[in-house]
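Participant: sequence below, structure please.
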Amino acid sequence: MSGDAHNYAHRGVIPRALHHVFREIDLRTDRLYKVHVSYMEIYNEALYDLLSDKPAASDSLSVLDDASNTVVRGLTKVEVHNEEEALSHFFLGSQGRSTAVNVLNSNSSRSHLLFSLYVEMRTSAEASERALISKLHLVDLAGSERTKKTNASGEQLREASCINKSLTFLEQVVNALARKDTHVPFRQSKLTAALRDALGGNCKTVMIANLWPEAMHVDECVSTLRFASRARCLETEAVVNESDDPGLALHKAERQIRELKQELAMRDMLSGRGRVVYEDLSAGEQLELQHLVTRYLSGTAELDELPVDSLKHIRETYKAFRVVAGAWATAAATGHAGPQQNAASLSGGQGSMLDSDAGGVGDVDTSQGAGFCIGTAPQQARPAASAGAPGHSGGSTGSFASTPRAPGHQQHGQQQQKQQPFGQPADQQVLGFSAGGVSGGVDRNAWFSKYKHSIPQGRRQSDILKQQQQQVAELKQQIKGVGAQVNSSKAQIDTLNAQLEAKKASASAAACHSTGGSTVLDDEEYQLMQQLKAAKVKYRVAFDSLKLLRSGLEPVIDSLAAAKEALITGFDEWWSSQGLVAGSGAGNHQQQQQGQIAAWRAAVADDNVDEDDD
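Facilitator: Next up is the predicted model:
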């Protein structure tokens, strides 16, 4: 198997196999290979690691096997990068093998040797997700000996006995596999245990029989040929072996999750939905969701405010309900003020606070034992009415019928009416209009802001508009990023084309002077061609993505314009329903106000467009 170490032409099977393996690796430039080697000796039914720093220590080696793979635990595996390194380790390990001189051979092998190659192959596209593995056992079996011919005695006699016994067990295993017995005695010897995955099944087995063509050794030759004929009956079926490394499976799962998230984002974009977050919520987001659930249970938040845009949000909302319910149950059991009482006090707002007879602003509320109440400002603290402030009228005055109130609020309503000037009820003072129509100082922008932030319908329309604006901004950002990738790929293609042309020109000039016009493709030029091909593929993928994103931008912009128009139209309807329109005044005054409203609508639309462009 090793051949003549001093004559390259007479090298053995192992050096030739190493040359063939690394030659194939060098020719397959589109794949990534990693090769390890190990060298083990079986001497007198004991295992020795010939590549270890302490080859004599064999107690740490043991053969472990399962249904598909056999591993020698503790065996040294050395990574090699070329043929020279592999041959160096092979010759280094061969120096530690056991040999002896007998009558028939001056360098007789006294042990079995297993030189193994472990090859891992990955493609460039799936380097981090998929790997194919293979194992090559190059076995140098010690020859069977008849002690009466070799005149062995002492230690050599014991060595010959172990060699013959292990070869006998190997023949029994081969016979059992050939007959397809239900039980195969692999564990009878260390040799058969180590070669379990190389003797049938998922493998390819080749046996080389060495004969001594002399009449005195005809019996040994016939016995060897009979053993080789039985080995021919082994049925093998080699299949591709994929690595079961959990790191590769993890990378593959991460890539699939990433692609699924991109698919979901594209589906949401094409269906006109706002951005949906599929990631796990942070601690701050979970706390905010719990506060929203508390507000919903106390009646201060609407059902539409609960997030139901994805299954993740629905599950997190259920968890928040459980947390809030648990907090309320704990508060009820301990007798402390629970979250529902705190939320009710917040929802009661100024009504309950104004009903109290506190002496001033910020007085300590001694009735409930904790916290501050706002109190009621004294009459002399009220600021003077300004002509342009919302809530005060600079035009004609009038009176409205008092809004009916519950009996419990009658006293508070009377007190509030006494505090308001011009004889107007408190509700009308909050809105800031009079019976005669719109006051001259009413700021339409202020009411538009109030409509967007305080009125439920306006708040929903404003949220929809914000989602559309965010979607447009994100889509533009994606288009910008993909466009940068397209430009970068185009620049890379131009650079590689220039380098390749320069390389071809120099190669052509050199060929004209040397070989009369013939050119040879060298490694550098081949690498440039491979890089150019990969850059073109990258450019095409990025360009297709850019086209897809640009085609989806126009529908999103149309949806944004529709949301803007719906918000402005809804505000106009609310403005009219609240009586904030011109009343019985002069016709010129009404036309002037209508012109002002039209100008305001155009200004609001322009402001929204400017915000989108930013």
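
Participant: C-alpha only now, for contacts and for neighbours.
Facilitator: Noted.

Participant: which residues in this structure form strands?
Facilitator: Ranges of strands within the chain are 31-43, 46-49, 62-65, 70-73, 78-80, 99-100, 108-109, 112-123, 132-140, based on DSSP state E.

Participant: so which residue is smack in the middle of the chain?
Facilitator: In the chain, the residue lying closest to the centroid (CA atoms, centre = their mean) is residue 254, at 3.4 Å.

Participant: tell me which of the strands of the chain sits most buried.
Facilitator: When the strands of the chain are scored by mean count of other CA atoms under 10 Å, the highest mean neighbour count falls to strand 46-49 (a mean of 22).

Participant: by contact count, what packs against that strand?
Facilitator: Where contact means 3 or more CA pairs under 8 Å, 6 or more residues apart in numbering; DSSP states H and E, strand 46-49 is packed against strand 31-43.

Participant: shaky segments in the stretch 151-300 of the chain?
Facilitator: In the predicted model, the stretch 151-300 of the chain carries pLDDT under 70 at residues 273-278.

Participant: what of the chain?
Facilitator: Across the chain, residues meeting the criterion (pLDDT under 70) sit at 55-58, 67-68, 102-103, 124-128, 148, 273-278, 335-443, 510-522, 579-614.

Participant: chain center to the lengthiest helix in the chain: distance?
Facilitator: Ranked by residue count and defined by DSSP state H, the top helix of the chain is helix 456-514. Here helix 456-514 is found 23 Å from its chain centre; the criterion is CA atoms, centre = their mean, to the nearest Å.

Participant: let's number from 508 now, not from 1
Facilitator: Yep, numbering from 508; the last one is helix 963-1021 now.

Participant: which neighbouring elements make contact with it?
Facilitator: Counting contacts by 3+ CA pairs under 8 Å, 6+ apart, helix 963-1021 is packed against helix 951-961, helix 1030-1084, helix 1094-1120.

Participant: mind redoing it with 10 Å?
Facilitator: helix 753-777, helix 951-961, helix 1030-1084, helix 1094-1120 (3 or more CA pairs under 10 Å, 6 or more residues apart in numbering; DSSP states H and E).

Participant: between that helix and helix 1030-1084, how many degrees?
Facilitator: Helix 963-1021 runs at 160 degrees relative to helix 1030-1084, counting by axes from the mean of the first three to the mean of the last three CA atoms, to 10 degrees.

Participant: quick one: helix 963-1021 to helix 753-777, angle?
Facilitator: Calculated by the same axes, to 10 degrees, helix 963-1021 forms an angle of 120 degrees with helix 753-777.

Participant: tell me the angle of helix 963-1021 relative to helix 951-961?
Facilitator: 90 degrees.

Participant: give the contact list for the residue nearest to the centre of the chain.
Facilitator: Counting by CA atoms under 10 Å, 6 or more residues apart in numbering, residue 761 touches 636, 755, 767.

Participant: wait, which of these is closest to residue 804?
Facilitator: Checking these against residue 804 by CA to CA gives residue 767 as the nearest, at 35.1 Å.

Participant: just give the number of residues close to that closest one.
Facilitator: By other CA atoms under 10 Å, 12 other residues sit near residue 767.

Participant: and residue 775, by the same measure?
Facilitator: Neighbour count of residue 775, defined by other CA under 10 Å: 14.

Participant: gap between it and residue 786?
Facilitator: 15 Å (CA to CA, to the nearest Å).

Participant: same question, residue 675
Facilitator: 63 Å.

Participant: ok, the two, which is more surrounded?
Facilitator: The neighbour count for residue 675 versus residue 786, taken as other CA under 10 Å, is higher for residue 675 (15 against 9).

Participant: any idea how far residue 665 is from that one?
Facilitator: In this view, residue 675 and residue 665 are 15 Å apart by CA to CA.

Participant: go on, residue 639?
Facilitator: 43 Å.

Participant: next one: residue 769
Facilitator: When residue 769 is compared with residue 665 (using CA to CA), they lie 69 Å apart.

Participant: is it true that residue 983 touches residue 1058?
Facilitator: No: assessed by CA atoms under 10 Å, residue 983 is found out of contact with residue 1058, at 11.8 Å.

Participant: neighbour count winner among these two?
Facilitator: Comparing residue 983 with residue 1058 by other CA under 10 Å, the one with more neighbours is residue 983, at 16 against 12.

Participant: related to what we said a few turns ago, reformat the strands of the chain as CSV; add distance to residue 729.
Facilitator: Shown next, in CSV, are the strands of the chain (distance: least, CA to CA, whole Å):
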stretch, distance to residue 729
strand 538-550, 26
strand 553-556, 29
strand 569-572, 32
strand 577-580, 32
strand 585-587, 39
strand 606-607, 25
strand 615-616, 21
strand 619-630, 21
strand 639-647, 20
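
Participant: so which of those gets nearest residue 976?
Facilitator: For those, the distance to residue 976 is smallest for strand 619-630, at 43.1 Å, taking CA to CA.

Participant: that closest one to strand 538-550, inter-axis angle?
Facilitator: Using the same axes, to 10 degrees: strand 619-630 against strand 538-550 is 170 degrees.

Participant: could you find the closest non-adjacent residue to residue 697?
Facilitator: residue 552 (6.1 Å; CA to CA, 6 or more residues apart in numbering).

Participant: surely that neighbour touches residue 698?
Facilitator: Yes: applying CA under 10 Å as the test, residue 552 and residue 698 come out as touching, 8.0 Å apart.

Participant: what count of nearby residues applies to the residue lying closest to residue 639 once chain neighbours are set aside?
Facilitator: Closest residue to residue 639 apart from its sequence neighbours, by CA to CA, 6+ apart: residue 749 at 4.5 Å. By the criterion of other CA under 10 Å, residue 749 has 13 neighbours.

Participant: for residue 652, give its distance to residue 670.
Facilitator: 8 Å.

Participant: list residues touching both of the two?
Facilitator: Listed as contacting both residue 652 and residue 670 by CA under 10 Å, 6+ apart are residue 664.

Participant: higher neighbour count, those two?
Facilitator: residue 670 (24 against 16).

Participant: mind listing what the more buried one touches?
Facilitator: Counted by CA under 10 Å, 6+ apart, residue 670 has contacts 549-552, 616-619, 648-652, 664.

Participant: ok, residue 701 next?
Facilitator: 547, 549, 569-572, 577-579, 621, 644, 693-694.

Participant: repeat that for residue 1054.
Facilitator: Per CA under 10 Å, 6+ apart, neighbours of residue 1054: 986, 989, 990.

Participant: ok, the residues you listed vs residue 538, which is closest?
Facilitator: Nearest to residue 538 among the contacts of residue 1054: residue 989, at 28.8 Å, using CA to CA.

Participant: wait, doesn't the closest one sit right on residue 1045?
Facilitator: No: using CA under 10 Å, residue 989 is not in contact with residue 1045, being 11.3 Å away.

Participant: count of neighbours near the closest residue to residue 706 other than its chain neighbours?
Facilitator: Among residues not flanking residue 706 along the chain, residue 712 sits closest, at 6.4 Å (CA to CA, 6+ apart). Burial of residue 712 is recorded as 16 neighbouring residues (other CA under 10 Å).

Participant: next, give phi and psi for residue 712.
Facilitator: phi -110, psi 130 (degrees, to the nearest 10).

Participant: residues contacting it?
Facilitator: Applying CA under 10 Å, 6+ apart to residue 712 gives the contacts 644, 705, 706, 738, 739, 741, 742, 743, 745.

Participant: that older thread, turn the contacts of residue 670 into a markdown table, including distance to residue 658.
Facilitator: Below are the contacts of residue 670 laid out as a markdown table (distance: CA to CA, whole Å):
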| residue | distance to residue 658 |
| --- | --- |
| 549 | 23 |
| 550 | 20 |
| 551 | 19 |
| 552 | 22 |
| 616 | 16 |
| 617 | 15 |
| 618 | 18 |
| 619 | 21 |
| 648 | 21 |
| 649 | 17 |
| 650 | 15 |
| 651 | 14 |
| 652 | 10 |
| 664 | 9 |
